Structures are given as structure tokens and as C-alpha cells.
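> heads up, no residue letters with this:
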């Protein structure tokens, strides 16, 4: 059974830098982000308009993007995302992103 997959491709690193997506993404649909500060809106739009079972998000880096990712996951959509860091500690020490790994408790 194939799943409905949406790729939110901020810097064209996942599906290629062309109007035609790279064949490596198969039947997944790509949504390009025209302005990086609008990525969180494109993430929510992808779920509301395309009803994916899986969403792949390139470069989650802001608090709004992390909140959108959490909202998407709470709707039951499987989420795969990337973020920048050299190790897990970089994400743990980045307050907007700690939610992506379940948060931290003192």
C-alpha cells in the first residue's frame, strides 16, 4: 500500500533544484517554499489541503516551524524532518527545537 507523501522543500535539497522534482522522490508531491519565513504556513497548508499520511520537512529551524511540526504530528500525520546541528545536544540546547525530540525536563 502506497502512502500519500508531501515534501515541504525549503531549499530544494530534497527534490532537486528544478521545476520538475527529482525522480528519486517517486510519487510524493513537493511543495516548494518561496520565502523561508513562510515555511510554517506551507507546512500547515500541506496538511490541510493535501491530507498526507507522511510529511517530510526540510530544515526545521524556528519556533513557528517547530510548533507547526507539533501540530501536524498531533493530527496523526507521520513526520520526518531535518534540522541543523552537529549532535543531539545542539537540538537539546536550542529551546525552539527541543519540542521536536519530546522536550526536556529539569
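That came through, no problem. Everything quoted here is computed from the prediction, not taken from an experiment.

> Need the pLDDT of residue 37.
Confidence per residue is given as pLDDT, and for residue 37 that number is 94.

> Which phi and psi values does it adopt?
Its backbone dihedrals place residue 37 at phi -70, psi 0, with angles given as degrees, to the nearest 10.

> Strands along this structure, start to end?
For the chain, applying DSSP state E gives strands covering 5-9, 29-32, 54-57, 78-81.

> Let me have those strands in CSV, extended by mean neighbour count, distance to residue 97 and mean pLDDT.
In this view, the C-beta of every residue, glycine as well, is placed from N, C-alpha and C. What follows is these, written out as CSV (neighbours: other CB atoms under 10 Å; distance: least, CB to CB, whole Å; pLDDT from 0 to 100):
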stretch, mean neighbour count, distance to residue 97, mean pLDDT
strand 5-9, 23, 16, 95
strand 29-32, 17, 22, 93
strand 54-57, 22, 12, 96
strand 78-81, 15, 10, 94
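
> Output those in JSON lines, with distance to residue 71 appended to each entry.
Listed next are the strands of the chain as JSON lines, based on distance: least, CB to CB, whole Å:
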{"stretch": "strand 5-9", "distance to residue 71": "13"}
{"stretch": "strand 29-32", "distance to residue 71": "16"}
{"stretch": "strand 54-57", "distance to residue 71": "11"}
{"stretch": "strand 78-81", "distance to residue 71": "10"}
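
> Now residue 62: closest residue in space, sequence neighbours ignored.
Of all residues not flanking residue 62 in the chain, residue 96 sits nearest, at 6.1 Å (CB to CB, 6 or more residues apart in numbering).

> The one you found: neighbour count?
The number of residues packed near residue 96 is 16, by other CB atoms under 10 Å.

> where does it land on pLDDT?
Residue 96 is assigned 85 on the pLDDT scale.

> separation between it and residue 70?
11 Å (CB to CB, to the nearest Å).

> For residue 95, the count of nearby residues, please.
Using other CB under 10 Å, the number of residues around residue 95 comes to 10.
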